[in-house]
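**Q** Have a look at this fold, sequence not included:
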Ligand SMILES: [Zn+2]
C-alpha cells in the first residue's frame, strides 16, 4: 500500500457480539441437536492423567452432555493457571471454548452462528463518493470469531449491491487482504478509493467513471462535474492490457 497517499481517513466497522453460537450435535434424549454451554467444566484426575470436559445442555430437553477439551493428558502438561480456570468454571474460558472452531472440529460437532452478531459501521453517508485523492481505510474488528463471507460484509457495510461490490473489488477500487469469497473471522483492514458514485455497470472498469488527466488527478468532464481518476494505481486489475492501452491514449489525448 506504499504507493498510495493516505490522509488519515479511516472508518471502523465492528462485528458486535449478540450471543454465543449454538453447539450442534445430536441429543441422546430428544430429536433436537442444539446445545448451550452450562457454564461448567468437569475435571477428572486419574493418577497422573487428567480429563477435562465442557458441559453443555440440550436447548429442548435440558439433557446435559459433555465435550472433551483435554483427554488423558499428563497433569504436568496442563498449565496450572489453565487448570484452575477449568476448576473454577471461569466464564471467560467457557466463552473462549464455546466459539472455538478448532475444538468443534476436533470433538466432531458444528457451531451454528446464526443470530450471534451484527455489523456496526460508523461511516458517514457518501463517504465513498468524495472527490478527493485520499484513501479510505476501513478497519474491521470482530468481537467474536464468527465466520462471515467477505462479500456479505462489504455489501452490508457499504450498503451496495453484490454486483457493484464485486465490480469495485475486481477493478481495484476496494483492496482486500483476502479473496472476496473468503470467510473472514478475525480483524483485518481494507482500503477503498473514493470516487464519484459507482458505475451502474458493475463490471465496468474504473476508468469509465471519468476522464483521465496526465497526472491522474481530478478532471473536469462535460457538465462541469469533478471526478476522481486513478492513473498511477493500475486502476483495473482484471484488465491490465486494456489499461495500458488507455494510458497510452490518455498520454496523447486532450485534457479538458
Ligand atoms: Zn434434548
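**A** Alright, I've got the coordinates. The shown structure was predicted, so the numbers you read here are calculated from the model rather than taken from an experiment.
**Q** Helices along the stretch 101-250 of the chain, start to end?
**A** 101-107, 150-158, 162-170, 240-252 (DSSP state H, counting those that start in this stretch).
**Q** Could you tell me the least trusted of those?
**A** If you rank these by mean pLDDT, helix 240-252 sits at the bottom with a mean of 43.
**Q** Wait, residue 51 touches residue 44, no?
**A** Yes. When contacts are counted by C-beta atoms under 8 Å, residue 51 is listed as touching residue 44 (4.5 Å). For glycine as for every other residue, the C-beta is placed from the backbone atoms N, C-alpha and C.
**Q** quick one: which of the two has more around it?
**A** Taking other C-beta atoms under 10 Å, residue 51 and residue 44 do not tie; residue 51 has more neighbours (16 against 10).
**Q** pLDDT below threshold where in the stretch 101-250 of the chain?
**A** The stretch 101-250 of the chain contains residues with pLDDT under 70 at 123-134, 195-250.
**Q** Which one of the residues in it is closest to the ion?
**A** residue 109 (14.0 Å; C-beta to the ion).
**Q** Please name the residues that touch residue 75.
**A** Residues in contact with residue 75 (C-beta atoms under 8 Å, 6 or more residues apart in numbering) are 45, 48, 49, 50.
**Q** rewinding a little: what's the nearest residue to the residue of the stretch 101-250 of the chain closest to the ion if we skip its chain neighbours?
**A** Excluding the flanking residues, the one nearest residue 109 by C-beta to C-beta, 6 or more residues apart in numbering is residue 25, at 3.9 Å.
**Q** Relative to residue 36, how far out is the one you found?
**A** 12 Å (C-beta to C-beta, to the nearest Å).
**Q** and those two? which has more neighbours close in?
**A** Neighbours per residue, other C-beta under 10 Å: of residue 25 and residue 36, the larger number sits with residue 25, 18 against 15.
**Q** measure that one to residue 102 for me?
**A** Distance of residue 25 to residue 102, computed by C-beta to C-beta: 16 Å.
**Q** Look at residue 26 and tell me its secondary structure.
**A** coil (DSSP: H, G, I helix; E, B strand; the rest coil).
**Q** which phi and psi does the nearest residue to it once chain neighbours are set aside have?
**A** Of all residues not flanking residue 26 in the chain, residue 33 sits nearest, at 5.4 Å (C-beta to C-beta, 6+ apart). Here is the backbone geometry of residue 33 (degrees, to the nearest 10): phi -130, psi 10.
**Q** so what pLDDT did residue 33 get?
**A** At residue 33, pLDDT is 95.
**Q** what about it, how many neighbours?
**A** 17.
**Q** do the same with residue 103
**A** Neighbour count for residue 103, taken as other C-beta under 10 Å: 18.
**Q** Give me the three-state assignment for the nearest residue to it once chain neighbours are set aside.
**A** Excluding the flanking residues, the one nearest residue 103 by C-beta to C-beta, 6+ apart is residue 97, at 5.7 Å. Three-state call for residue 97 (three-state DSSP): helix.
**Q** now residue 69
**A** strand.
**Q** my read: it touches residue 43, true?
**A** No. When contacts are counted by C-beta under 8 Å, residue 69 is not listed as touching residue 43 (9.4 Å).
**Q** quick one: common contacting residues for these two?
**A** Joint contacts of residue 69 and residue 43 (C-beta under 8 Å, 6+ apart) are 52, 86.
**Q** Neighbour count: those two, which is higher?
**A** Taking neighbours as other C-beta under 10 Å, residue 69 and residue 43 compare with residue 69 leading, 21 against 16.
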